[in-house]
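Student: Return a 3D structure for these sequence lines:
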Amino acid sequence: MPLSAFLGLLLFTAMQGAAPAGPEHFFVGRTAGSGIVQIMFAGKHKVGDRSTGRIDASGALLLDQIVDEEGKPARTRSWRLARSASGGITGTISDARGPVTGEIRGNILHLRYRSAEGPSVEQWITVNPDGRTASNRMTFTKFGIQVATLTSTVRRLD
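Tutor: This next block holds a predicted model:
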């Protein structure tokens, strides 16, 4: 089967509501997340996002996202993540400084990058067995000290 036909089949399957082929395919279509960010010395506040994703001809995930963080104006983010043959992930996120790296292990997408604001970020997105929700956990570290955490739930809307 040609790669383009295989990707088309994956997209069709994901859009039919079946469990995605890999955690990155969870984001094909529309998703929405809501959660809490805990910042050292600043407390907790709500954060949410709305995203639209697709798989391009090369097999990379392209994700356009609007992030709503309590007390801040809404901001947009663009993701491009590609899987390597070994299960590694490389790519870019518009508000990251430098490359995004990571790996996929089963239903978990693990990413590492430096935010444009300075802290190092580790993110674990775990697709739940229902294939319709995912748990997102992010840790932000500066000078070796964890300065913030974010926990959220992401839902597939399509």
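
Student: what's near enough to touch the nearest residue to residue 64 once chain neighbours are set aside?
Tutor: Nearest in space to residue 64, with sequence neighbours left out and distances taken as C-beta to C-beta, 6 or more residues apart in numbering, is residue 52 at 5.2 Å. To be clear about C-beta, it is placed using only N, CA and C from the backbone, and glycine gets the same treatment. Residues near residue 52 by C-beta atoms under 8 Å, 6 or more residues apart in numbering: 29, 30, 63, 64.

Student: Give me the below-cutoff pLDDT ranges for the chain.
Tutor: Applying pLDDT under 70 to the chain picks out residues 1-21.

Student: which residue is nearest the centroid of it?
Tutor: Residue closest to the average C-alpha location in the chain (C-alpha atoms, centre = their mean): residue 125, at 6.5 Å.

Student: so that residue touches residue 136, yeah?
Tutor: Yes - with contacts counted by C-beta atoms under 8 Å, residue 125 reaches residue 136, the gap being 5.2 Å.

Student: quick one: the strands in the chain?
Tutor: 29-39, 43-55, 61-69, 75-83, 88-93, 96-105, 108-115, 120-127, 133-142, 145-156 (DSSP state E).
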